[in-house]
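> Pasted the sequence and its predicted model underneath.
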Amino acid sequence: MKTATILACTDGSPYAPSVYRYAAWASQQMEASVHVLHMLNPHHENPVKTDLSGAMGFDAHQTLLEELVELEATNARVAVKRGEAILDDANVQLRSYGVSGITTKQVHGKLSDSIVGYESDADLVVLGKRGNNANFEKGHLGSNLERVIRSCQHPVLVAAREYTAPQNFMLAFDGGASAHKAVDYAVEAPLLKGLGCTLLYVGASNPTIEGDLAGASERLTAAGYEVVIDRRAGDPEAVIEASVTQDAVDLLVMGAYGHSRMRQLIVGSTTTAMIRSVKLPVLLFR
């Protein structure tokens, strides 16, 4: 039987410690190994392209160009060493949280361009809301985040800045395919087992959605969850943000794509607004 694997993506940003904690929590829940991936910034691999031929004489230009090339090579070596230190630190932290099956890998390139190849062998992807290149003052999310979420076929756990051991989760349910997939995962996979469960529906009630809510609740209850169904009206983004705060939710679970108003939360700029606005981890399903 194949051992479950968690892919933890890190760049050493302030979110990295939380990524390791959530990866360790998931590892314990799933009895899974953790593979830590660090992508080297491709900026350090780019050749110097500045054209200085018209600004100075040939000799001066050649000397400066050689110095710039040497500087670029030095920066690349520093980036590699920094990446190795990040992976060493990840190993130490994960072991301190009780994870024994740990592998690490450093790769040149962008995470958003390479994630498909690495997440295909993983059962869960864990990464931070923001990376080192994000503007924390303006609250911008990591530039790779949306593309990574769109690319991953497996669940993606987006870690919050601070770690809180999950005791409960809220599943934003709209009856769509991705919401049912999240229910299937909760029923069949071990990650969420032992947590309290709230099914949140935002919108006007109708017989179809009531049937779907009842069916989802029955399945989750049969799987051992204590389930509460919460029906609310209003703008989904505002309602979800308020609900997770009011109900002291530890983990938000959402479908990732679709056409209803709730599922449209995970599309384009609204995705980043939703993930940014809630100060807790978000587990996403496509």
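Here it is on my side, so go on. Residues are numbered from 1 along each chain as shown.
> what's near enough to touch residue 188?
With contact set as Cβ atoms under 8 Å, 6 or more residues apart in numbering, residue 188 has no partners. Using the backbone N, CA and C atoms, a C-beta is placed for each residue, glycine as well.
> quick one: it from residue 4, how far?
Per Cβ to Cβ, to the nearest Å, residue 188 is found 12 Å from residue 4.
> Output the contacting helices and strands for the lengthiest helix in the chain.
Using DSSP state H, we find that the single longest helix of the chain is helix 58-96. Packed against helix 58-96 by the contact rule (3 or more Cβ pairs under 8 Å, 6 or more residues apart in numbering; DSSP states H and E) you find helix 16-30, strand 33-40, strand 102-108.
> So what touches the helix or strand just after the shortest one?
Toward the C-terminus, strand 102-108 is succeeded by helix 111-119 as the next helix or strand (DSSP states H and E). Outside of helix 111-119, the residues within contact range by Cβ under 8 Å, 6+ apart are 7, 9, 35, 37, 39, 107, 125, 127, 143-144, 147-148, 151-154.
> coming back round to it: which parts of the longest helix of the chain are buried?
72, 76, 79, 82, 83, 86, 87, 89, 90, 91, 93, 94 (16 or more other Cβ atoms under 10 Å).
> Also stretch 155-174?
Neighbour count says stretch 155-174 has 155-161, 163-164, 166, 168-174 buried, by 16+ other Cβ under 10 Å.
> Please name the bridge partners of residue 5.
residue 33 (DSSP bridges).
> wait, what's in contact with it?
Residue 5 neighbours (Cβ under 8 Å, 6+ apart): 32, 33, 34, 35, 121, 122, 123.
> Now the buried members of those.
Using 16+ other Cβ under 10 Å, the buried members of these are 32, 33, 34, 35, 122, 123.
> Turn those into TSV, columns for distance to residue 198 and pLDDT.
Shown next, in TSV, are the buried ones among the contacts of residue 5 (distance: Cβ to Cβ, whole Å; pLDDT from 0 to 100):
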residue	distance to residue 198	pLDDT
32	25	97
33	31	97
34	28	97
35	32	96
122	27	92
123	24	95
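> now, among those residues, which is nearest to residue 250?
Checking these against residue 250 with Cβ to Cβ, the nearest one is residue 32 at 19.7 Å.
> separation between residue 201 and residue 180?
Computed with Cβ to Cβ, the distance linking residue 201 and residue 180 is 13 Å.
> for the residue nearest to the spatial centre of the chain, helix, strand, or coil?
What sits nearest the mean C-alpha location of the chain, by Cα atoms, centre = their mean, is residue 158, with 2.9 Å. Per DSSP: H, G, I helix; E, B strand; the rest coil, the secondary structure class of residue 158 is strand.
> I'm done for today, thanks for sticking with me.
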